[in-house]
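# pasting a predicted model and its sequence here:
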Amino acid sequence: MRVLFLCTGNSVRSQMAEGWARHFHGDRIEIYSAGVAPVGLNTNAVEVMAEVGVDISEHQSKHVGSLLGTPFDYVVTLCSHANEHCPIFPGKAKVIHVEFDDPASLAVGARTQEEMLFHYRRVRDEIKAFVEKMQGILTQEE
């Protein structure tokens, strides 16, 4: 099974989802992430994932167009922008939309690094909960 996590920038949410999915399901599922307008890996995302033992420091942001030839079983959009701009994938790809807040946007007004990381940690944990249940969700979607 192949799963793509798609977000706008492929910098935070989709990278976290890819990291968690590899951590929990990497032995059973091929995991990818991409963005509709990639901007590079966010260092705060790397930091909060490392706090829980998931290393995403070697991940690279990539444009969804680079994966259009890959036959995915599921494409999971993680923000409304990606959901609205999700390309059509060949084959039987089923699109699932699960909305997560953008921690970078939430952290804009943060007064301290700790206050900023609070938003990244919250979203990290919400994505973890979704990915932990992902196998069951994907099975139900079939």
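Noted; the coordinates are in hand. Numbering: from 1, shown residues only.

# now the longest helix along the chain: buried residues?
Determined from DSSP state H, the single longest helix within the chain is helix 113-141. For helix 113-141, burial by neighbour count (16 or more other C-beta atoms under 10 Å) applies to 116-121, 123-124, 126-128, 130-131, 134, 138. To be clear about C-beta, it is placed using only N, CA and C from the backbone, and glycine gets the same treatment.

# tell me the pLDDT of H63.
On the pLDDT scale, H63 is placed at 95.

# so it is in contact with A34, correct?
Yes - H63 is within contact range of A34, at 6.4 Å (criterion: C-beta atoms under 8 Å).

# which neighbours do those two share?
N10 (C-beta atoms under 8 Å, 6 or more residues apart in numbering).

# got the CA coordinates for stretch 120-135 in PDB?
Below are the C-alpha coordinates for stretch 120-135, written out as PDB (Å, rounded to 0.1, in the frame of the first residue of the first chain):
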ATOM      1  CA  TYR A 120       4.000  22.600  17.000                       C
ATOM      2  CA  ARG A 121       3.700  20.100  19.800                       C
ATOM      3  CA  ARG A 122       0.000  20.200  19.900                       C
ATOM      4  CA  VAL A 123      -0.300  19.700  16.100                       C
ATOM      5  CA  ARG A 124       2.400  17.000  16.300                       C
ATOM      6  CA  ASP A 125       0.300  15.100  18.900                       C
ATOM      7  CA  GLU A 126      -2.900  15.500  17.000                       C
ATOM      8  CA  ILE A 127      -1.200  14.100  13.800                       C
ATOM      9  CA  LYS A 128       0.200  11.300  15.900                       C
ATOM     10  CA  ALA A 129      -3.300  10.300  17.100                       C
ATOM     11  CA  PHE A 130      -4.600  10.300  13.600                       C
ATOM     12  CA  VAL A 131      -1.600   8.300  12.200                       C
ATOM     13  CA  GLU A 132      -1.800   5.700  15.000                       C
ATOM     14  CA  LYS A 133      -5.400   5.000  13.900                       C
ATOM     15  CA  MET A 134      -4.600   5.300  10.200                       C
ATOM     16  CA  GLN A 135      -4.500   1.600   9.400                       C
END
